[in-house]
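Student: Generate coordinates for the sequence data below:
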Amino acid sequence: MADIRIKVGAALDRSTLSAFESIVGAAKRARAGISQSERQGQQEAKTIAREQERTARSAARAAEREARSAAHAKAQAEREAGREIEREAKRLARERENIERNAHRAAVREAKQAADEQKRIARTLNDEHNRIAKGRADFRDRAGAAAGRLAYRGVRAAGRAAVGMVGDLARGAGVNFSLGSLAEKNVDLETKATQLSNQAYQEGPGAQGKRQDPTEITRKVREVANATAIDAGDAMEALQAFVGKTGDLQTGQASLLELSKLSKATGTNLADMADAAGDVSNNLGDIPNKGEVISQVMRQIAAQGKVGAVEIKDLANQMAKVASAANQFEGDPSKSIATFGALAQYSRQKGGSASATQAATSTMSFMGTFSKGARLAAFDKYGVSTEGAGRKVRDPIEIILAALNATKGSNIDRKMGEMFMDTRARAVTRPFEGTFKAAYEKAQGTEQQRLEEATKAVREEFNKLRDATMSNKELEDSFAAAMATSGSQAQLFNNQLQELTAELQSQLYPALKDLAPLFISAATSLADFITQITGKDPRKQAEAQRADALNFGSASTTEKALKTGQISQADLDQNKEAEKKLEEIQKQKQANVAKVTAQQNSGLNLAVSGALKAFGTTEGQQEFDRSRQQRIETAQGEAADAAKHLKDLKEQNKKLSDAVQGGALKVIIVSGDVKPKAPPQETQ
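Tutor: Numbers count the residues shown, from 1 in each chain. Got it, this is the predicted structure:
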């Protein structure tokens, strides 16, 4: 079949093309307009974004300035608070010094007055003896004695000048030449030792059930004082401070020497050091070699003070706060105390605490965090465990490290603030937050590697402070330097003088009983002299008052009653009261006879009588012996009078009683009768 071919022709109408060209042009123009509008919108959007960015930066800078200003104001306030606390502490210290200085001056004045009084009495005795001996010594002896006295005074004046120069130098170094002051210190030492013995004694088994000898306590305290060149009174006060906190005298004595050396080496008040050691002891419990453990802990606290920001002399009186954590956290209590000592140092050094007091308070706030339900919930939220071995709180540094790791290195401040919300508790954690953040940002590697590097940095920094301790060499070197000072040497000399004074006191005080008659004799002579001047004899006045007491309930009452056949109840009661009083007086008088006899026949009086005879003053000896015998006879006479009056009154009262019982005497109640008065008091 043949192919069929069809041809088609076409022609384009130009008018149709023209119509589409206008539509295409409009579309192009519309597209150009849209593009221009888009460019303008993009430009405006960029302008708005830049403006918003500038506004945000400005707001951020303003917020940063406000934050810096607030931080500066807070730091300034804390510094001012710290300065105020230091000023107050200095003021209190000055007041304490003034009080002690005034007390010392008052004691010196009283001692001087007592010495002056003794000198005055001695002069009175001497004048009396001179009066008796006047005219008996010949002129040659008196002239020789006068020449001797002049020569002695000249030599004594020269010696006094030389000794005075040495004394001034010694006093300037702190040497105390006042025997009165040293004797007072010894009495105070003995009193405190007795108080300590009583305070530490607890009836029952064990060491505390055995009463400690006060003399032995004093001896051990003196040994420590001499070994460390401190005042024995200060050492005794330190021991009292320790026992007052613990009740444990044995441990206090065992640790006193080391505490004294540490106090001397660090310049810390020994009483504060011992008080702090008492807080440590209370939180250690019953452990072997407790004294050594306490000394080791106190060395650590001292070494931490040298490395950190709070010296032990400032932290010592805050130790109760620091040591209270020992039994709340897992592990060895002594290590827990060292841990919290280090935390207090960091709180003061980098955490914003303005003083040792604030630093110690911060550690207590940190402890309190783990007893608050809301805070424990926050720890659970971040997966941080706070419970340690034995159902105690976990090691504090481990809790801090776990919390820091839980932040994953981001938003550390906010996340730690949720777990440790208390401001003072954050003063403990904040130093570690800064170390952790800096180490994390510097570290390279995965997130876990960076966290491990940051944890290592915090642990190394903390261990350096917690494990710091004073070596034996460091302690001995510092102690030796302190012992070499002139003040320490002067104190050693003071201690020797004080011990010498104690020996003199032990020999002198028993003899004071024998000296009493001489003072009584001098006082009697003075009373006679006053009587001659004033015409008033106090002894006669006393005898009159004594007679009133003895004559109370006289025979006239009995005679009147028997004559009238009646007596008032008040009169009967008065006579009975008088009889009781006279019985007391009679017993006193009888005891006084033995007392006066012993006084007047004492060894010292017999020695004085013999001395007067040996020096040729026979008249003086006779007068002295007559005076002694007269006092004995007076006491015997008073006792006899009292016995006679008592016998008479008993007979009167028996007559009245027999008459009442036999019906011969009627007892009447007079209207207005009151309880009878007591008989007049006897004046001796």
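Student: Toward the C-terminus from the helix or strand of the chain with the lowest mean pLDDT, list the very next helix or strand.
Tutor: Lowest mean confidence among the helices and strands of the chain (mean pLDDT, DSSP states H and E): helix 139-173, at a mean of 44. Per DSSP states H and E, the first helix or strand lying C-terminal to helix 139-173 is helix 179-200.
Student: per-residue pLDDT, the nearest residue to Ile397 once chain neighbours are set aside?
Tutor: Excluding its sequence neighbours, the residue lying closest to Ile397 (C-beta to C-beta, 6 or more residues apart in numbering) is Phe462, at 5.5 Å. Just so you know, the C-beta spots here come from the backbone N, C-alpha and C atoms, and that holds for glycine as well. Among the per-residue scores, Phe462 holds a pLDDT of 86.
Student: what are the phi and psi angles of the residue nearest to Lys210 when sequence neighbours are not counted?
Tutor: Using C-beta to C-beta, 6+ apart and skipping the chain neighbours, the partner closest in space to Lys210 is Tyr201 (7.9 Å). Note on Tyr201: its backbone torsions stand at phi -80, psi 130 [degrees, to the nearest 10].
Student: Likewise for Lys372?
Tutor: The phi/psi pair for Lys372 (degrees, to the nearest 10) reads phi -110, psi 130.
Student: Can you tell me how far it is from Ile399?
Tutor: Distance, Lys372 to Ile399, using C-beta to C-beta, to the nearest Å: 14 Å.
Student: before we move on, what about Ser355?
Tutor: From Ser355 to Ile399 the distance is 25 Å (C-beta to C-beta).
Student: Mind checking which of the two has more residues around it?
Tutor: When neighbours are counted by other C-beta atoms under 10 Å, Ser355 and Ile399 differ, and Ile399 comes out ahead with 24 against 20.
Student: Tell me if I am right that that one is in a helix.
Tutor: Yes: assessed with DSSP: H, G, I helix; E, B strand; the rest coil, Ile399 lies in a helix.
Student: list the contacts for it?
Tutor: For Ile399, the contact set (C-beta atoms under 8 Å, 6 or more residues apart in numbering) comprises Phe370, Val384, Thr386, Val393.
Student: can you count the residues close to Phe436?
Tutor: Neighbourhood size, Phe436 [other C-beta under 10 Å]: 27.
Student: Run a quick check on it versus Glu453, I expect a contact.
Tutor: No: assessed by C-beta atoms under 8 Å, Phe436 is found out of contact with Glu453, at 9.8 Å.
Student: re the thing from before, same list (the contacts of Ile399) but as TSV, adding pLDDT.
Tutor: Shown next, in TSV, are the contacts of Ile399 (pLDDT from 0 to 100):
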residue	pLDDT
Phe370	88
Val384	91
Thr386	89
Val393	90
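Student: separation between Thr246 and Gln296?
Tutor: Distance, Thr246 to Gln296, using C-beta to C-beta: 17 Å.
Student: Looking at the two, which has the bigger crowd around it?
Tutor: Taking other C-beta under 10 Å, Thr246 and Gln296 do not tie; Thr246 has more neighbours (20 against 17).
Student: Now do the end-to-end distance for stretch 318-332.
Tutor: End-to-end span of stretch 318-332 (C-alpha to C-alpha, to the nearest Å): 21 Å.
Student: Could you confirm the residue nearest to Ile397 falls within a strand?
Tutor: No: if the criterion is three-state DSSP, then Phe462 is helix and not within a strand.
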